[in-house]
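> Sharing a sequence plus its predicted fold:
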Amino acid sequence: MYDYLVVGAGLYGAIFAREATNRGYKVLVIDKRNHIGGNIYTEKIEGINFHKYGAHIFHTNNKEVWDYLNQYTVFNRFTNSPVANYKGQLYSLPFNMYTFNKIWGVVTPEEAKAKIEEQKKEIIGPPQNLEEQAISLVGRDLFEKLIKGYTEKQWGRDCKDLPAFIIKRLPVRFTFDNNYFNALYQGIPVGGYTNMVKNILEGIEVRLEENYLDNREKWNSMARMIVYTGPIDAYFDYKLGTLEYRSIRFEHEILDMQNFQGNAAVNYTDKETPWTRIIEHKWFEFGKDENGNDISKTIISREYSSEWKPGDEPYYPVNDEKNSSLFSQYKDLANKEEKVIFGGRLGEYKYYDMDATVESVLKKCKKVL
Ligand code: UDP
């Protein structure tokens, strides 16, 4: 008999398993995939740590979280600064003085602010949705060129029907600083995320290609408590209806060239280009292999955003009103499951970054273990 059965070997599950094991509990981790790591999984191909389920760039302001993960990996000094490609014109992201200069020709912060002040006049009262929020942050010109097309492709919804908070993830700066994140600590695990998760799980029993939902009775009978990190609606057999997720389809390519786009991420912000962005994985590690040599090939991934349907991988919860209220009904059901802890992006139906996931699981561990 195990004390804890952890369903899902992603970041949440792995850390829960580690903490429980450290406190003397007997833990089993299962995952339906054939590998650990969940969506942060990386795989070495052509000497490149390839982010199979999309780019993950670790960033946090929380020193406790940073120190925690640094026990299991060394982070490199990667700083995310994506480039936006709008109809062949390149703009610096996030929104900063380089962006304002390119779009309006302004040179000083004062001129940039004056432009935004002028353009945000069209929004009266507090912003009610993503479009209004975006225009009041950066003005209509930037909204049209760098936000509208990208966001509508990514979410498959009109910017007027999306919550304002999504766009607040992006900094707006009146300095020449194109670091995408406002974070004190940032980097990519040297040797890939999979190694980090492997280190977190060291010495813990893990069984792969085991789907909890296919045989719950069996798994439930094996442990005192379950930590479930899959989609909360799937756990309840979708009985209140399906929560919406966005999924991503990737087109991966190995190219026989050294440098495809000169940056880890290029966002295609017009609405005509069918993909949202192209990731060139080698630039997360400065184009070098583990011995510091230049890598001659490159791997790129085009991302196509799509509405999730059963059978697809869920990536992003859609935290609009409709889904949030359905989630809160599922949450009421979850609270009644005394043997089960629901955690992570899918278990909590939250647009968690990795650091928020770590925060959430450490908090849960302090409470229940
Ligand atoms: N976004 C945008 N243009 C960009 C990049 C992002 O409008 O070039 C908006 C878009 O609405 C997106 C949100 O900012 O959903 C958050 O982007 P982020 O890069 O944080 O998303 P993630 O990396 O989690 O996919």
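Okay, I see it. Numbering: from 1, shown residues only.

> what about the closest residue to residue 97 other than its chain neighbours, which SS state?
Leaving aside its sequence neighbours, residue 97 sits nearest to residue 176 (Cβ to Cβ, 6 or more residues apart in numbering; 4.6 Å). Where C-beta positions appear, they are placed from N, C-alpha and C, glycine not excepted. Secondary structure assignment for residue 176 (DSSP: H, G, I helix; E, B strand; the rest coil): coil.

> which ones are touching residue 176?
Remark: with contacts taken as Cβ atoms under 8 Å, 6 or more residues apart in numbering, residue 176 is in contact with 96-98.

> same thing with residue 323?
Taking Cβ under 8 Å, 6+ apart, we find residue 323 in contact with 243-244, 317, 349.

> farthest pair in these?
Distances among the contacts of residue 323 were taken as Cβ to Cβ; the most separated pair is 244 and 349, at 9.9 Å.

> Need the overlap of contacts for these two.
With Cβ under 8 Å, 6+ apart applied, the overlap between the contact sets of residue 244 and residue 349 consists of 317, 323.

> which bits of the protein sit near the ligand?
By the rule Cβ under 6 Å from any ligand atom, the part of the chain lying against the ligand is 84, 93, 146-147, 150-151, 154, 166-167, 169-170, 267, 269.

> okay, who's weakest in those by pLDDT?
Between the residues of the chain next to the ligand, the one the model trusts least by pLDDT is residue 169, at 83.

> what's around it, how many residues?
Summarising burial for residue 169: neighbours were counted as other Cβ atoms under 10 Å, giving 12.

> now residue 358
With other Cβ under 10 Å as criterion, residue 358 counts 22.

> i'd like the first residue to be 472 from this point on
In the new count, where the first residue is 472, that last one comes out as residue 829.

> Is it in contact with residue 482, as I believe?
Yes. Between residue 829 and residue 482 a contact is recorded at 6.7 Å, counting by Cβ atoms under 8 Å.

> now that we have the contacts of residue 794, which one has the most neighbours?
When these are compared by neighbour count (other Cβ under 10 Å), residue 820 ends up highest, at 26 neighbours.

> Hmm, that residue is touching residue 791, no?
No. Residue 820 is beyond contact range of residue 791, at 11.6 Å (criterion: Cβ under 8 Å).

> Now stretch 587-594 - C-alpha only, PDB.
Provided in PDB are the C-alpha atoms of stretch 587-594 (Å, rounded to 0.1, in the frame of the first residue of the first chain):
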ATOM      1  CA  ILE A 587      -0.100  56.100 -26.000                       C
ATOM      2  CA  GLU A 588      -2.000  58.800 -24.000                       C
ATOM      3  CA  GLU A 589      -3.400  60.100 -27.300                       C
ATOM      4  CA  GLN A 590      -4.400  56.600 -28.500                       C
ATOM      5  CA  LYS A 591      -5.900  55.300 -25.300                       C
ATOM      6  CA  LYS A 592      -8.400  58.100 -25.200                       C
ATOM      7  CA  GLU A 593     -10.800  55.900 -27.100                       C
ATOM      8  CA  ILE A 594     -11.200  53.700 -24.000                       C
END
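
> Let's verify residue 798: helix, strand, or coil?
helix.

> which non-adjacent residue is nearest it?
Spatial nearest neighbour of residue 798, excluding adjacent residues (Cβ to Cβ, 6+ apart): residue 820 at 4.5 Å.

> for residue 530, same thing?
Take residue 530 and drop its neighbours on the chain: the residue closest to it by Cβ to Cβ, 6+ apart is residue 654, 3.7 Å away.

> who are the neighbours in contact with that neighbour?
Under the criterion of Cβ under 8 Å, 6+ apart, the contact partners of residue 654 comprise 530-532, 826.

> how near is residue 803 to the ligand?
Distance of residue 803 to the ligand, given as Cβ to the nearest ligand atom, to the nearest Å: 28 Å.

> pull the helix or strand with minimum mean pLDDT from this protein.
Taking mean pLDDT, DSSP states H and E as the measure, strand 787-788 is the helix or strand of the chain with the lowest mean score, a mean of 92.

> So what touches that one?
Strand 787-788 has contacts (Cβ under 8 Å, 6+ apart) with 626, 714-717, 794, 798, 816-817, 820-822.

> from these, which ones fall inside helices?
Using DSSP state H to define helices, the subset of the contacts of strand 787-788 located there is 626, 794, 798, 816-817.

> will you turn those into TSV that also has pLDDT?
Putting the ones in helices among the contacts of strand 787-788 into TSV (pLDDT from 0 to 100) gives the following:
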residue	pLDDT
626	91
794	95
798	98
816	97
817	97
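
> The chain: helices as residue ranges?
482-493, 534-541, 568-575, 580-591, 601-613, 620-626, 664-671, 687-691, 703-706, 792-807, 815-818, 825-839.

> Residues in contact with the first one: which ones?
So the one you mean is helix 482-493. Under the criterion Cβ under 8 Å, 6+ apart, residues 474-475, 477-478, 498, 500, 502, 507-509, 511, 539, 668, 671-672, 674-675, 698, 700, 812, 814-816, 818, 825, 828-829, 831-833, 835-836, 840 lie in contact with helix 482-493.

> Of these, keep whichever come out buried.
Buried by 16 or more other Cβ atoms under 10 Å: 474-475, 477-478, 498, 500, 502, 507-509, 511, 539, 668, 671-672, 675, 698, 700, 812, 814-816, 818, 825, 828-829, 831-833, 835-836, out of the contacts of helix 482-493.
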